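Enquirer: Quick one, fold the following:
(chains A and B, ligands or ions: 3)
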Amino acid sequence: MATANVATHSTDAHDHHDHEHHDNFITKYIFTQDHKMIGKQFLVTGIFWAIIGGLLSLVFRLQLGFPDMELEWLRPILGGWITPDGKLDPEFYLALVTMHGTIMVFFVLTAGLSGTFSNFLIPLQIGARDMASGFMNMLSYWFFFLSSVIMFISLFIETGPASGGWVVYPPLSALEQAMPGSGLGMTLWLIAMTCFIASSLLGGINYITTVINLRTKGMSFSRLPLTIWAFFLTAVIGLLSFPVLFSAALLLVFDRSFGTSFYLSDIYIGGEALPNTGGSPVLYQHLFWFLGHPEVYIVLLPALGITSEIIATNSRKPIFGYKAMIISMLGITILSFVVWAHHMFVSGLNPFLGSIFMFLTLIIAIPSAVKVFNYLTTLWRGNLIFTPGMLFSIGLVSFFISGGLTGIFLGNSAIDIQLHDTYFVVAHFHLVMGSASFFGLMAGVYHWFPKMFGRMMDARLGYIHFWATFIGVYLVFFPMHYIGIAGFPRRYYSWTGFEFSNMYTDLNMFVSVAAILTFGAQLIFLFNFFYSMYRGRVASLNPWRSNTLEWTTPLHPGHGNWPGEIPAVYRWPYDYSKPGASEDFIPQTVPLSATPESNLPHEQELVKLEKQIIADEEADLVADESKES
Amino acid sequence: MYGFLIAVGVLLLLSIIWMVYRIQTLVSVVKGSDKKIATGSNKINAFMFVIFLIGGGILMFWYSIKEFDNYNLPVASEHGVVTDQLFWITMAVTGIVFIITHILLFWFPYKYQYKETRKADFYPDNNKLELIWTTVPAVVLALLVIGGWKAWSDITAPAPEKSHVVEIMGYQFAWEVRYPGLDNVLGEHDYRLISASNVSGVDFTDKNAFDDFTSPVVVIPKGEPVLFKIRARDVLHSVFAPHMRLKMDAVPGMPTRFWFTPTKTTEEMRAELNDPEFVYEIACTEICGRGHFSMKKEIRVVEPEEFRKWLSEQKPYIVNNPSLVADLPSELKELADITISEYK
Ligand code: HEM
Ligand SMILES: [Cu+2]
Ligand SMILES: [Cu+2]
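Expert: Ligands and ions are numbered 1, 2, ... in the order given. Below is the predicted model:
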């Protein structure tokens, strides 16, 4: 053992020399290649976008809840978008909805969630010094940054940002004559999204390569924490689907600027007949949703992975059905590519295709159900500690159930005829994709904050934040089911023009008030986050008494993560409350041979193997040592 | 002035919260509770889940029952009855699952909250359980889908031969309605023919177009199949007739269709709802620009006799505006003139 220690020391010195010596402010905080810092960059940018996206939703919620309200006071910010009589301009309403959707889905819940935690956790949890390519990883962030800047600028141009809904269906998005937002705003949207896709691909390739190649000794795929499985599969989905969005966008660029007719046909607009014939708007929808549906899993899977880890840790219990969880995630990954047309049941799609997609869609509900049951069983007979992370994880499961169940209505094409593009859909996806993933993000921040910044967030503020948000989200989105069943169409500036929807003004007012309060509750989080970063209680090394590798690093891990050798892994990450063990957790780095009292029969067999490996390693180390001197 | 007062109020509130927060932190440090694995808050959080379950449950049931007649739109088409039934069956099934899973999800935190004296069960897997909760949802879902599939196949099957055809064309920002006239065949159309006097771009070199007419209201007979032929001339729109449980996108360059059988006349519905103002409406449900929220068209469902009477009173395009056929080749022009004179 003594020799091994010496060996560790010499590599230690090397590492210091390699990395920390010439880090100046720019290479450490800005053009950094350290995955941890890149993760934090994604997180802070994501938080910035979440605030913008949230504020946009408040503005249009004001319109929906208080249609008669005098909005003159917004003129200093919104300028000409407030009409002379102090109302929101209907076109700007659509711009708000579009930007809100785009920002939330892509910038907050893809980049902010997956970007943050895949970057931060993959190397730490698999035992790697960094991503496979630190440089590509840096590029990934800066492409995202560029994309953010462009999208942000588009908010301020005179004709307004893209306004055709976050799906930007042509011909609306292709023709400047159709709405002002389809001019420069849409061009910027397309450029921003192209950068975004580049960012996602650079990140995704890195995540996949890193998980496959850089796992530490002993970290087989069957010992990977579920977080890593989730990030890995998310990256696979992204890698296969984002290029298709790119092709959809590219053809749209051609139609907009070069006179092609991929999506355009038989159009008479602005007093003239356009020359385009033979194109199909439905083609765009197919291409868009080929990304669009997998996208909801890109948003959701990382949140589910994070939840699995946090629930197991804080239940002091192994995650129930580790293998079943992996198989369901694999099932979701594959099936997510063959259900896209359920967004198109009434688009004029061939009805036979509709039936096929209805069957496929309801199959994907099964792995989702399995995951829910596994979460419930993990809680069952656990010893639950309600850290803020745990609370948000339980909240996520609740949203996943509520929103998932309404998916069964929408996946049924016969029922979807009525519900499509109503507020029922808005309620559905805000719960299952929006809120669930948002809660995953929050859970992750609370749980890994000590690793990110070496300090604890205040737990009490966390509790208040959780309860205010959890109750708030239900108060905002649950009532939307009712107005959806009543047939209220989405993307409507006002519902009073129709007999059937000229009601529920009280409910809409209630929802808007709840939305404002829920948004206000996020200020608690913002305070807690930034305050604790500098003034929070200093964290202990393993504050949640967790098994995974990231908690074996120093409080402020340098570039390279472990000062010495990367620890080897001897067991799966979920040995919580193992019978016979004295503590209620056994970290992955503890060899089976060190815990004969708690080993299961089949593990006892592995002990022999393990001893052999350890012996070999030490022999190697000694050999290295003698070579060096 | 208001702004200033609000700002002061917010500032005050923030500073109070700040002070409470600081005191709380100090107290917890003094008590050493920040070193404990689970503090008193653990109990409170566990309890809150139960409160949330009960409170939320009561609210949901109360509101769902109280508001039932408001959000449950009356249905007025044959297939709508079927899809509504599917909707409520699905609601029952998912409702039960929703309630059971949520009871477990919120009760477990209470029941199994942290106790120093207890150790969690080491219970990593159980293949039998996994098998059960894979197959049971699979079977239930299969049943739901088969119901949906049958209904969907019927709804999307070709329209019956004798259906009344109505063309609905969406444009920014209104609907244009065209009837095929007595022959029940719509004349050809071409978007290049669109003009102020020919909104739908009807091609009058097609004889079938001679008796085509437009109407400000969609009038259809009760109890007989109606076929909506749907198209758009600029961007996507979507025909949504909520009481008919009907929705279909209007796509430029790709005609779509939806057929249905209305079951209640407007008058009957007025009587039933006790609302003399009631009308069936069409709204647009595909974002199409500035006026998306205002694309309204009325549907008037009438008794078949009344419908036939109404049909016979309508004047074709070319009767109202003979200049539409002024430039036709002489042979066709003659035919058109005969049609016009028949209506005079
Ligand atoms: C502050 C919390 C939020 C509120 C109050 C809110 C409210 C709304 C409402 C009312 C709409 C429909 C507007 C309309 O159709 O006219 C909408 C659209 C949308 N929201 Fe949110 N939302 C919130 C957070 C989120 C989050 C976290 C996501 C992430 C998935 C999200 C994603 C979307 C998307 C994708 C749309 C559709 C945009 C479109 O129709 O093109 N929202 N939101
Ligand atoms: Cu989908
Ligand atoms: Cu519209």
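Enquirer: B:I220 belongs to a strand?
Expert: Yes: B:I220 forms part of a strand when assessed by DSSP: H, G, I helix; E, B strand; the rest coil.
Enquirer: Tell me how many other residues crowd the closest residue to it other than its chain neighbours.
Expert: Of all residues not flanking B:I220 in the chain, B:V226 sits nearest, at 4.7 Å (C-beta to C-beta, 6 or more residues apart in numbering or on different chains). To be clear about C-beta, it is placed using only N, CA and C from the backbone, and glycine gets the same treatment. As a burial measure, B:V226 scores 24 neighbours (other C-beta atoms under 10 Å in any protein chain shown).
Enquirer: So what sits opposite B:V226 in the bridge?
Expert: B:H164, B:F260 (DSSP bridges).
Enquirer: Quick one: residues contacting the closest residue to B:Y191 other than its chain neighbours.
Expert: Distances taken as C-beta to C-beta, 6+ apart place A:D266 nearest to B:Y191, at 4.4 Å, with adjacent residues excluded. Going by C-beta atoms under 8 Å, 6 or more residues apart in numbering or on different chains, A:D266 touches A:276-277, B:191, B:233, B:252-253.
Enquirer: Now do the SS call for A:D266.
Expert: coil.
Enquirer: ok, back up a step: distance check, the residue nearest to B:I220 against B:K297.
Expert: 14 Å (C-beta to C-beta, to the nearest Å).
Enquirer: try A:L252
Expert: On the measure of C-beta to C-beta, A:L252 and B:K297 end up 30 Å apart.
Enquirer: Specify which residue of these two has the higher count of neighbours.
Expert: When neighbours are counted by other C-beta under 10 Å, A:L252 and B:K297 differ, and A:L252 comes out ahead with 24 against 21.
Enquirer: I figured the more buried one was touching A:L175, is that so?
Expert: No: here A:L252 does not reach A:L175: they are 11.1 Å apart, not a contact under C-beta atoms under 8 Å.
Enquirer: where are the low-confidence patches of the chain?
Expert: Assuming you mean chain A. A:1-23, A:625-629 (pLDDT under 70).
Enquirer: That was the other one, I meant chain B.
Expert: Low-confidence segments of chain B (pLDDT under 70): B:1-2, B:31-35.
Enquirer: which strands and helices sit next to the longest helix belonging to it?
Expert: With secondary structure taken from DSSP state H, chain B has its longest helix at helix B:78-111. Other helices and strands packing on helix B:78-111, by 3 or more C-beta pairs under 8 Å, 6 or more residues apart in numbering or on different chains; DSSP states H and E, are helix A:351-379, helix A:388-410, helix A:413-419, helix B:40-66, helix B:127-156, strand B:256-260.
Enquirer: The longest one near chain A anywhere?
Expert: Right, helix B:127-156. Yes: contact of helix B:127-156 with chain A (C-beta under 8 Å from any C-beta of the partner chain) involves B:129-130, B:133-134, B:137-138, B:141-142, B:144-145, B:147-149, B:151-153, B:155-156.
Enquirer: re earlier: what's the angle from the longest helix of chain B to helix B:40-66?
Expert: Interaxial angle of helix B:78-111 relative to helix B:40-66 (axes from the mean of the first three to the mean of the last three C-alpha atoms, to 10 degrees): 160 degrees.
Enquirer: For the stretch 151-300 of chain B, which residue gets nearest to ligand 1?
Expert: Nearest to ligand 1, among the residues of the stretch 151-300 of chain B, is B:I287, at 7.2 Å (C-beta to the nearest ligand atom).
Enquirer: same check, this time on the stretch 301-450 of chain A
Expert: A:G434 (3.3 Å).
Enquirer: which ones are touching the spatially closest residue to that residue that is not a sequence neighbour?
Expert: When the adjacent residues along the chain are set aside, A:G434 lies closest to A:M104, with 6.5 Å between them (C-beta to C-beta, 6+ apart). Listed by C-beta under 8 Å, 6+ apart, the contact set of A:M104 reads A:50, A:53, A:434.
Enquirer: In which helix or strand does the first one reside?
Expert: Using DSSP states H and E, the secondary-structure element containing A:A50 is helix A:35-65.
Enquirer: Quick one: list the elements packing against that helix.
Expert: Using 3+ C-beta pairs under 8 Å, 6+ apart: helix A:35-65 touches helix A:90-102, helix A:116-126, helix A:134-154, helix A:436-453, helix A:505-535.
Enquirer: Mind checking those for the one nearest to A:A486?
Expert: The closest of the helices and strands packed on helix A:35-65 to A:A486 is helix A:505-535. By C-beta to C-beta, the value is 9.7 Å.
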